[in-house]
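J.: structural data only, the sequence is not supplied:
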């Protein structure tokens, strides 16, 4: 400690070289949202200021994460160890292309949601803390994407879960509490399993630094031992719950339709992907041997998730529940990528497919929930039976919805097409034909489900019972409410991204490939965290 | 619970507990104590005061809404780590300011600010829950 008369050799325990100011970009996403969230919390009575402050802070978050992404692409993996302690004792925060890409896309989506909420979240929702919760949720999401410490990952999971509970019950309706109980109980079980697995991992290796564990696992004679297998299985179950994989996916459609539509949009975009990200990080980076023998299990779970998600979507007539099942189907595609990655040669292609799919899914699911919100406002219902004739209300909106429907089904020329090509390609090259087939079948079923929504809500003349050829003028929200730019701007930005990634996929494929190689071949990651000794 | 003895003693007890919580907070860096446990003691002081004299008088006494206190704690706690930016050190590296005041060595530091932040977060969060529960009971 400072101030004592004994001379201490700080270099033994601490980093003594100066830290470049640019490296602060690693902590900037979590820091901006945490400080900003605290500020918003103190000012939550001022409901006029809330949206302005919230959107400004989310804009700062987008800029910071863009800066971080540029720096990572320019300089490779960068690390900052909290408190200047030497790793593995200090908690390392590390930005690699995978984490930086997801942080950036997540921030863009959160910004869009913040703008969308200016119109859809009432002043009572603001007073109960919509913007503080959204900002603190982003603290947890960005922290999870950027941490290089397993226990720290758990802490960020808790941060995002607690904020998500707050968002879920915003409004205090009976149905919301019902959804929140299901969501809360399952997530509580999931995070407890996560914690138990982390405890076991610490017991085995005596460290929680991801790079340090990766080195120690690599040095083991028998990396498929019973103790590690237990840890791997627990992690898989815990993150599969978080990601809503079959058979622990029931909580998602049971809760995602209950909160305010913008909350559903953020949840559908971000939360399940954090689970998938954690699976990729844990299995590909630190437990590759466990991935090999668990690949068949993961593959079966992936196929079941793909098919049940798509079938569930076909069976629903509530748009928000239907979209919930599509989130699940997308998770199946990403899990398929993880299963294929076990075969070594296809690992980079499969993981980059999964990363690209995650990016696509974050954008398109958020946009679809926003579109569902607008549909609900136009037709005063979220039920397909009661909707109809929306095409006459707004041709442009019908077009936007069709673009998003094509994208989520994986049809060209939109963003869902390319990751599916990569995943199916990797599956066939790796000899996992069933996975490739399941992705294609699921895409086909999704096309049917989305086609059904389009025909019912947009194409036909009016709600159920309207005679053919007739059109009924559906009553919806007031024109003034629907013409607000706060609704259309975020939806437009996200749709533009969907089209851009569909027409110009090279940039995102390059990013995803870099992200995949940083976990498949973790040399750069380990050296960045542990320094030259790694 | 609203006996005369309890109502008479509660304000003094609460004041003592808050004082003790600050003592626990300040000795925390090198000895048992710190922001979290200090915050819990202060929050139980609020709870006792609330049981004895009613939630309204607690809310009057702490001036700010407990959630705002929490927010302020989070705010200064997070900002305490930022000071090291100006010394080209990593986030959360501790900074010390040590000086003599009337022949007593005073050590001010960013971990102290962080601990005070934790203290306020805990007082705010637990106090908010306790007061809400006590209010519900009175209905």
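T.: Perfect, I can see it now. This is a predicted model, so every value here is computed, not measured.
J.: buried ones in the helix ranked longest in chain B?
T.: Determined from DSSP state H, the single longest helix within chain B is helix B:110-138. Across helix B:110-138, burial judged by 16 or more other Cβ atoms under 10 Å in any protein chain shown covers B:110-128, B:130-131, B:134. The way it works is simple: take the backbone N, C-alpha and C, and place the C-beta from them, glycine included.
J.: ok, and of the residues you listed, which contact chain A?
T.: The subset of the buried residues of helix B:110-138 within reach of chain A, counting by Cβ under 8 Å from any Cβ of the partner chain, is empty.
J.: quick one on the thing from earlier: from the contact counts, what lies against the longest helix of chain B?
T.: In this structure, helix B:110-138 makes packing contacts with helix B:4-26, helix B:35-53, helix B:55-62, helix B:66-80, judged by 3 or more Cβ pairs under 8 Å, 6 or more residues apart in numbering or on different chains; DSSP states H and E.
J.: tabulate those (JSON lines), appending mean pLDDT.
T.: Below are the helices and strands packed on helix B:110-138 laid out as JSON lines (pLDDT from 0 to 100):
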{"stretch": "helix B:4-26", "mean pLDDT": "93"}
{"stretch": "helix B:35-53", "mean pLDDT": "93"}
{"stretch": "helix B:55-62", "mean pLDDT": "90"}
{"stretch": "helix B:66-80", "mean pLDDT": "93"}
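J.: I'd say residue A:86 and residue A:10 touch.
T.: No - when contacts are counted by Cβ atoms under 8 Å, residue A:86 is not listed as touching residue A:10 (10.1 Å).
J.: did I read that right, residue B:33 in a strand?
T.: No - the assignment for residue B:33, made by DSSP: H, G, I helix; E, B strand; the rest coil, is coil rather than a strand.
J.: for the residue nearest to it when sequence neighbours are not counted, give its distance to residue B:48.
T.: Leaving aside its sequence neighbours, residue B:33 sits nearest to residue B:24 (Cβ to Cβ, 6 or more residues apart in numbering or on different chains; 4.2 Å). Here residue B:24 is placed at a distance of 17 Å from residue B:48 (Cβ to Cβ, to the nearest Å).
J.: next, count neighbours for the residue nearest to residue B:33.
T.: 22 (other Cβ atoms under 10 Å in any protein chain shown).
J.: I'd like the next helix or strand past the helix-or-strand element of chain A with minimal mean pLDDT.
T.: Here the helix or strand of chain A ranked lowest by mean pLDDT, DSSP states H and E is helix A:479-482, holding a mean of 72. Next along the chain after helix A:479-482, taking DSSP states H and E as the criterion, comes helix A:485-503.
J.: list the buried residues for that next one?
T.: By neighbour count with 16+ other Cβ under 10 Å, helix A:485-503 contains the buried residues A:487, A:488, A:490, A:491, A:493, A:494, A:495, A:497, A:498, A:501, A:502.
J.: what does chain B have sitting close to chain A?
T.: B:30, B:67-68, B:70-75, B:78-79, B:81-82, B:84-85, B:88-94, B:96, B:98, B:105, B:107.
J.: check contacts around residue A:44.
T.: The neighbourhood of residue A:44, defined by Cβ atoms under 8 Å, 6 or more residues apart in numbering or on different chains, consists of A:50, A:126, A:127, A:128, A:129, A:131, A:132, B:67.
J.: in PyMOL, select just the buried ones from those residues.
T.: Provided next is the PyMOL selection string for whichever of the contacts of residue A:44 are buried by 16+ other Cβ under 10 Å:
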select buried, (chain A and resi 50+126+128+129+131+132) or (chain B and resi 67)
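J.: just the contacts of residue A:44: which are in strands?
T.: Among those, no member falls in strands (DSSP state E).
J.: quick check, nearest of the contacts of residue A:44 to residue A:527?
T.: For the contacts of residue A:44, the minimum distance to residue A:527 (Cβ to Cβ) is 38.3 Å, reached by residue A:132.
J.: correct me, but the closest one touches residue B:71?
T.: Yes - contact criterion Cβ under 8 Å: residue A:132 and residue B:71 qualify, at 7.4 Å.
J.: anything in contact with each of those two?
T.: A:38, A:40, A:41.
J.: how much space between the last one and residue A:53?
T.: Between residue A:41 and residue A:53 the distance, using Cβ to Cβ, works out to 11 Å.
J.: around chain B, pick out the residues from chain A.
T.: Residues of chain A lying near chain B (Cβ under 8 Å from any Cβ): A:1-3, A:15, A:18-21, A:23-24, A:27, A:31, A:34-35, A:37-42, A:44, A:80-84, A:90, A:93, A:129, A:132.
J.: that concludes my questions; thank you for your assistance.
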